[in-house]
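J.: Here is the input, now give the coordinates:
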Amino acid sequence: MPVADTADIDSLLPTRAFSRRDFVRTSVGSGFAAAVLPVTAQTIKTDSQGLEVGEVMIPVGGDSIPAYRAAPAGRTGAPVVLVVSEIFGVHEHIADVARRFAKAGYFAVAPELFVRQGDPAAYGEIAKLIAEVVSKAPDAQVMADLDATVAWAKGQGADTGKLGITGFCWGGRITWLYAAHNPALKAGVAWYGRLVGQSNPLQPKHPVDLVADLKAPVLGLYGGQDGGIPMATVAQMQNALATGSAAAKASTFHVYPDAPHAFHADYRPSYRKDAAEDGWARCRAWFAQHGVV
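T.: You can find the predicted model right below:
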């Protein structure tokens, strides 16, 4: 089990395994993964009034991948934010995050980056999901899919000269990697993504290994009580950033001392309203500070 993908386990209720019939995702951006029990009383639901929303297909080479797109209706030239999911894929919460960005004037798109490996919604066991789907998604494939998503957004009239990325857990790690990959990126915001890990052929490098290559500054939003991401690894990354590229030196962390892993996930028991709302404000301000606005 690769260390880059396991932090989500720590904040899940281990009470029972859910079947696909419990919370099925019929299409990208709808429903929840079978492995997660939503807490409906606290789950935020952002409406789509004034927005263009729904599933789209992103051409990638001779193939295509599904994605959820949310953008201001009738507007061209909107800044672009890539929204990268947790290990559970592009489910209802990730779609809602995209709508929140769209309400703020962004062209937000969340590609389903596991589609070639399998459907995360079909898995009721986290360990099996990681072993059979998440761990088999090559970093190089993910980077290429994100590049294709940016190209698609440009073709839709969005302003990819104002490009940002944000991601959660697995997507937080991918945010750091993409900031080292794409020179056109203006800024990234990583929510509790793993920073260190064992190298393997599919995930050869981790964020701490890429500080010299960072091309855009990243804001890291992390929980002090995260059982899967020790604060020692955050300190290790902070020290590495100080010796990295100019973008690395401009990167920073904000740690919420009492927050667990997945504190932004309002559909899970790990949700912490104060930390989530403060993190959202910091995310928006970070993008504005670095030209993603």
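
J.: When you work out contacts or count neighbours from here on, use the C-alpha atoms and nothing else.
T.: Fine.

J.: So what's the residue count around the nearest residue to residue 129 once chain neighbours are set aside?
T.: Of all residues not flanking residue 129 in the chain, residue 123 sits nearest, at 5.8 Å (Cα to Cα, 6 or more residues apart in numbering). Number of residues near residue 123 (other Cα atoms under 10 Å) recorded here: 24.

J.: Kindly report the same for residue 42.
T.: Residue 42: 14 surrounding residues under other Cα under 10 Å.

J.: Over to residue 130?
T.: By other Cα under 10 Å, the residues close to residue 130 number 21.

J.: CA atoms only: put the helix or strand where it lies into PDB for me.
T.: Using DSSP states H and E, residue 130 sits within helix 126-132. Taking Å, rounded to 0.1, in the frame of the first residue of the first chain, the C-alpha atoms of helix 126-132 are listed here in PDB:
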ATOM      1  CA  ILE A 126     -10.600   1.400   1.400                       C
ATOM      2  CA  ALA A 127      -7.600  -1.000   1.300                       C
ATOM      3  CA  LYS A 128      -9.000  -2.700  -1.800                       C
ATOM      4  CA  LEU A 129      -9.700   0.700  -3.500                       C
ATOM      5  CA  ILE A 130      -6.100   1.800  -2.900                       C
ATOM      6  CA  ALA A 131      -4.600  -1.500  -4.000                       C
ATOM      7  CA  GLU A 132      -6.700  -2.000  -7.100                       C
END
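
J.: Give the other helices and strands that the helix or strand that that helix is followed by contacts.
T.: Next in sequence after helix 126-132, counting helices and strands by DSSP H and E, comes helix 139-155. Where contact means 3 or more Cα pairs under 8 Å, 6 or more residues apart in numbering; DSSP states H and E, helix 139-155 is packed against strand 51-60, strand 79-84, strand 107-111, strand 159-168.

J.: hey, which of the ones you listed is tucked in deepest?
T.: Burial of the helices and strands packed on helix 139-155 is given as mean neighbour count (mean count of other Cα atoms under 10 Å); strand 107-111 ranks first at a mean of 31.

J.: For that strand, give the mean pLDDT please.
T.: The average pLDDT within strand 107-111 is 98.

J.: Walk me through which strands that strand pairs with, and which way each runs.
T.: strand 63-72 (antiparallel), strand 79-84 (parallel) (DSSP bridges).

J.: contacts for it?
T.: Residues outside strand 107-111 that contact it (Cα atoms under 8 Å, 6 or more residues apart in numbering): 58, 65-72, 78-85, 90, 94-95, 98-99, 101-102, 145-146, 149, 153, 158.

J.: Equivalent analysis for stretch 227-243, please.
T.: By Cα under 8 Å, 6+ apart, stretch 227-243 touches 6-8, 10, 192-196, 207-208, 211-212, 224, 248-249, 251-253, 260-261.
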